[in-house]
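Engineer: Below are the sequence and a predicted model; questions follow.
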Amino acid sequence: MTTKQDEPEEKGSETRGFTLQGEPQEEPVEETELPKIDFTTFVLSLATSALYHLGLSPDPSGESAPKPNLPLARQTIDTIEMLEEKTRGNLDEEEEKLIKSVLYQLHMGFVQAKR
């Protein structure tokens, strides 16, 4: 008796833009210019993720906000708090203000989402 795990993968099966043999797909992938990642961009990215999980940010497709996922929101907020702790004394004044402001807003959003 063979199971799905015992069967070999079909040759040419594609995963994330590459075939299983490691050959690039023939279709070109459109490259998009992304913003440079710096501390501010990173913190704002995490904050956006937390807002989304709190149900306070609209779906990227422009539709209504998703249902809150408080455990994921809490984990993201905890990540930002850990980042604040680990970078304490190494941030410039603007970065310090940003992370404190973001955490305040996310804490207030978390309380709002719990209601």
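Structural biologist: Received, thanks. Numbering: from 1, shown residues only.
Engineer: In three-state terms, label the closest residue to Pro68 other than its chain neighbours for me.
Structural biologist: Of all residues not flanking Pro68 in the chain, Gly55 sits nearest, at 3.7 Å (Cβ to Cβ, 6 or more residues apart in numbering). Backbone N, C-alpha and C define where each C-beta goes, glycine included. Using DSSP: H, G, I helix; E, B strand; the rest coil, the secondary structure recorded for Gly55 is coil.
Engineer: pretty sure Gly55 contacts Leu70?
Structural biologist: No. Gly55 is beyond contact range of Leu70, at 9.0 Å (criterion: Cβ atoms under 8 Å).
Engineer: Between the two, which contacts overlap?
Structural biologist: By Cβ atoms under 8 Å, 6 or more residues apart in numbering, Gly55 and Leu70 have these common neighbours: Ala113.
Engineer: returning to that earlier point: residue contacts, the residue nearest to Pro68?
Structural biologist: If you count contacts by Cβ under 8 Å, 6+ apart, Gly55 has them with 65-69, 113.
Engineer: May I see the buried residues of stretch 89-106?
Structural biologist: Neighbour counts over stretch 89-106 (16 or more other Cβ atoms under 10 Å) mark 91, 95, 98-99, 102-103, 106 as buried.
Engineer: how close does the residue nearest to Pro68 sit to Met108?
Structural biologist: 14 Å (Cβ to Cβ, to the nearest Å).
Engineer: Using PDB, write out every CA atom in the strand or helix carrying Val111.
Structural biologist: Element membership for Val111 (DSSP states H and E) is helix 93-114. Extracted in PDB, the C-alpha atoms of helix 93-114 (Å, rounded to 0.1, in the frame of the first residue of the first chain):
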ATOM      1  CA  GLU A  93      15.200  60.800  19.600                       C
ATOM      2  CA  GLU A  94      12.800  60.400  16.600                       C
ATOM      3  CA  GLU A  95      13.000  56.600  16.700                       C
ATOM      4  CA  GLU A  96      12.400  56.500  20.400                       C
ATOM      5  CA  LYS A  97       9.300  58.800  20.000                       C
ATOM      6  CA  LEU A  98       8.100  56.600  17.200                       C
ATOM      7  CA  ILE A  99       8.300  53.300  19.000                       C
ATOM      8  CA  LYS A 100       6.700  54.800  22.200                       C
ATOM      9  CA  SER A 101       3.900  56.300  20.200                       C
ATOM     10  CA  VAL A 102       3.200  53.100  18.200                       C
ATOM     11  CA  LEU A 103       3.100  51.000  21.400                       C
ATOM     12  CA  TYR A 104       0.700  53.500  23.000                       C
ATOM     13  CA  GLN A 105      -1.600  53.400  20.000                       C
ATOM     14  CA  LEU A 106      -1.500  49.600  19.800                       C
ATOM     15  CA  HIS A 107      -2.200  49.200  23.500                       C
ATOM     16  CA  MET A 108      -5.200  51.400  23.200                       C
ATOM     17  CA  GLY A 109      -6.300  49.500  20.000                       C
ATOM     18  CA  PHE A 110      -5.900  46.200  21.900                       C
ATOM     19  CA  VAL A 111      -8.200  47.400  24.700                       C
ATOM     20  CA  GLN A 112     -10.700  48.600  22.100                       C
ATOM     21  CA  ALA A 113     -10.600  45.300  20.200                       C
ATOM     22  CA  LYS A 114     -11.200  43.300  23.400                       C
END
